[in-house]
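# please find the sequence and the predicted model below.
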Amino acid sequence: MSRIGRKPIQVPSGVEVKIDGHHITVKGPKGTLEQDFHKDMSVSFDNGVIEVTRPTDDKAHRSLHGLTRSLLSNMVVGVTEGFKKELEVNGVGYRVAKDGKNLVMNLGYSHQVIMPEVEGIQIDVPAPNKIIISGPDKQKVGQFAANVREKRPPEPYKGKGIKYVDEVIQRKEGKTGKK
């Protein structure tokens, strides 16, 4: 049995779970999330606990078992606590600002890079070199953070660019020059 798939999901009070066939809706204080799960997996909800079971021990069913449980767990955590990614901008003249619902970034290009806020995502800029992306959907938060980082990924020589706060950049030594 999958150790992750076997684990029951505790649903806190204030979170509403509705299972309709192979579609699940989780509603909480931070918002509502919906997800379709695989037709072979069976999901049950009673007494504040969600359990995922699989029909057989086939390789495909074993992998879907843990995946389904993880997705449902992320939905419950998302509507109660939410998810966030923190990004840091390093470089001389590199800075970010929030203009209405847009994220405006000066990243050393001849133009400003403007990214509009996506539905279900909140962007916060507490400092000119820090971006905090938060929301209830873990996939959307992670994808938007990756899209922001993609605009100027960190380079290995001076470490300039946009990186995650907990990311470590492997630094390289530059050219040595003539002796």
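Yep, that arrived.
# and the gap between Lys158 and Lys84?
27 Å (C-beta to C-beta, to the nearest Å). The way it works is simple: take the backbone N, C-alpha and C, and place the C-beta from them, glycine included.
# sorry, that was for Ala60
33 Å.
# all strands of this structure, in order?
9-10, 16-20, 23-28, 31-36, 42-46, 49-53, 83-90, 95-99, 102-106, 113-116, 122-127, 130-135, 161-164 (DSSP state E).
# any chance of those strands in TSV, plus distance to Ser73 and mean neighbour count?
As requested, those are exported to TSV (distance: least, C-beta to C-beta, whole Å; neighbours: other C-beta atoms under 10 Å):
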stretch	distance to Ser73	mean neighbour count
strand 9-10	5	16
strand 16-20	12	13
strand 23-28	10	18
strand 31-36	11	15
strand 42-46	12	13
strand 49-53	8	18
strand 83-90	12	18
strand 95-99	31	15
strand 102-106	29	18
strand 113-116	29	13
strand 122-127	22	14
strand 130-135	17	20
strand 161-164	22	19
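# could you dump the ones you listed to JSON lines with distance to Val76 and mean pLDDT?
Below are the strands of the chain laid out as JSON lines (distance: least, C-beta to C-beta, whole Å; pLDDT from 0 to 100):
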{"stretch": "strand 9-10", "distance to Val76": "6", "mean pLDDT": "93"}
{"stretch": "strand 16-20", "distance to Val76": "8", "mean pLDDT": "93"}
{"stretch": "strand 23-28", "distance to Val76": "6", "mean pLDDT": "94"}
{"stretch": "strand 31-36", "distance to Val76": "9", "mean pLDDT": "93"}
{"stretch": "strand 42-46", "distance to Val76": "11", "mean pLDDT": "91"}
{"stretch": "strand 49-53", "distance to Val76": "7", "mean pLDDT": "92"}
{"stretch": "strand 83-90", "distance to Val76": "12", "mean pLDDT": "96"}
{"stretch": "strand 95-99", "distance to Val76": "30", "mean pLDDT": "94"}
{"stretch": "strand 102-106", "distance to Val76": "29", "mean pLDDT": "94"}
{"stretch": "strand 113-116", "distance to Val76": "29", "mean pLDDT": "94"}
{"stretch": "strand 122-127", "distance to Val76": "20", "mean pLDDT": "95"}
{"stretch": "strand 130-135", "distance to Val76": "15", "mean pLDDT": "96"}
{"stretch": "strand 161-164", "distance to Val76": "24", "mean pLDDT": "95"}
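# turn those into CSV, including distance to Arg152.
CSV is the format used below for those (distance: least, C-beta to C-beta, whole Å):
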stretch, distance to Arg152
strand 9-10, 38
strand 16-20, 41
strand 23-28, 35
strand 31-36, 30
strand 42-46, 42
strand 49-53, 40
strand 83-90, 8
strand 95-99, 11
strand 102-106, 8
strand 113-116, 8
strand 122-127, 16
strand 130-135, 12
strand 161-164, 5
